[in-house]
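Peer 1: structure for this input, please:
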Amino acid sequence: MPRPPTKAQAITSALAARIVEGELEPGVWLPSERELAREFTADRSTVRRALRMLADQGLVQVKHGAGVQVRPERPVRRAASDITRQVGGWRGFHVSAQSEGRRPFTRTTVREVDADAKLAHRLAVPAGTRVLERARVQGVEGEPPVQIATTWVIMEVVARLPVLREVDTGPGGIYSRLEEAGYRILFEESVTCRLPRGDEQEALQIGSGQPVLTLWRRAYDQDERVVEVTHRVVVGDRHELVYRYGSGA
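Peer 2: Presented below is the predicted three-dimensional model:
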């Protein structure tokens with residue numbers, strides 16, 4: 001039989017529910033350890049352990065000497081359609097952040113790599129095929145990063161568009177360059193959730209217990225060939241993904 005949750009876990013779950021459901025709003029200070037110990041009939045060391053667990057989940061910030069505060073950052077609200085349209089010089093994450101009056105940032109590295117078996121399957125190429133990798137860390141200024149986004153492009157496309165080797169690929173990014181070259185792109189995206197790996201915790205400044213969304217996106221051309229694959233790892237409480245549907249879709 002599964003073991004019942006410890007007292008600290010039970011307190012963590014109760015406080016997390018209040019935060020997620022909006023009873024404790026972003027920026028609000030939690031009651032003191034003494035008050036929480038009285039409310040949950042627990043000793044302060046148990047409450048302190050529960051608050052650390054809550055911080056590991058990324059829901060609160062522990063500020064020594066001041067108390068525990070619900071994280072004040074509001075999530076970036078991203079419409080799925082933002083990747084399909086260019087607004088000014090941007091697409092995707094930058095469009096979403098700027099529409100909320102926030103200043104986005106992107107740190108990019110570019111290199112060639114050999115596709116492992118998993119990536120090769122997604123790109124529909126043989127394992128070991130050389131591809132161009134564009135890795136980004138993205139967020140809004142003054143706050144921790146929101147996501148890691150890594151894109152792999154087949155070399156046939158890179159040969160036609162050598163600008164893809166540059167950190168700055170120009171207004172609208174790689175999808176605008178693809179469209180200018182005559183590609184008509186159809187996107188397919190899948191979304192899952194898991195706990196972060198160690199390197200992701202470091203890059204995104206999160207704890208081991210804070211869930212992340214993982215999104216795989218394939219870009220198909222007009223001949224239904226996969227020309228590019230993107231993998232995004234997104235901090236769940238820093239990002240809201242919005243889909244819009246209709247009977248004509």
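
Peer 1: going forward, measure contacts and count neighbours with C-alpha atoms only.
Peer 2: Noted.

Peer 1: tell me how far Pro211 lies from Pro31.
Peer 2: 25 Å (C-alpha to C-alpha, to the nearest Å).

Peer 1: in this protein, what residue spans correspond to strands?
Peer 2: In the chain, the strands defined using DSSP state E lie at 60-63, 67-70, 76-79, 104-114, 130-140, 147-154, 186-194, 212-220, 226-235, 239-242.

Peer 1: the closest residue to Arg49 other than its chain neighbours: what's it in contact with?
Peer 2: Leaving out its chain neighbours, the residue that sits closest to Arg49 by C-alpha to C-alpha, 6 or more residues apart in numbering is Ala8, at 6.2 Å. Shown in contact with Ala8 (C-alpha atoms under 8 Å, 6 or more residues apart in numbering): Thr46, Val47, Arg49, Ala50.

Peer 1: could the strands of the chain go into a markdown table alongside mean pLDDT?
Peer 2: Listed next are the strands of the chain as a markdown table, based on pLDDT from 0 to 100:
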| stretch | mean pLDDT |
| --- | --- |
| strand 60-63 | 83 |
| strand 67-70 | 89 |
| strand 76-79 | 56 |
| strand 104-114 | 94 |
| strand 130-140 | 94 |
| strand 147-154 | 96 |
| strand 186-194 | 93 |
| strand 212-220 | 94 |
| strand 226-235 | 95 |
| strand 239-242 | 76 |
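
Peer 1: higher neighbour count, Pro211 and Pro31?
Peer 2: A direct count of neighbours by other C-alpha atoms under 10 Å for Pro211 and Pro31 places Pro211 higher, at 19 against 13.
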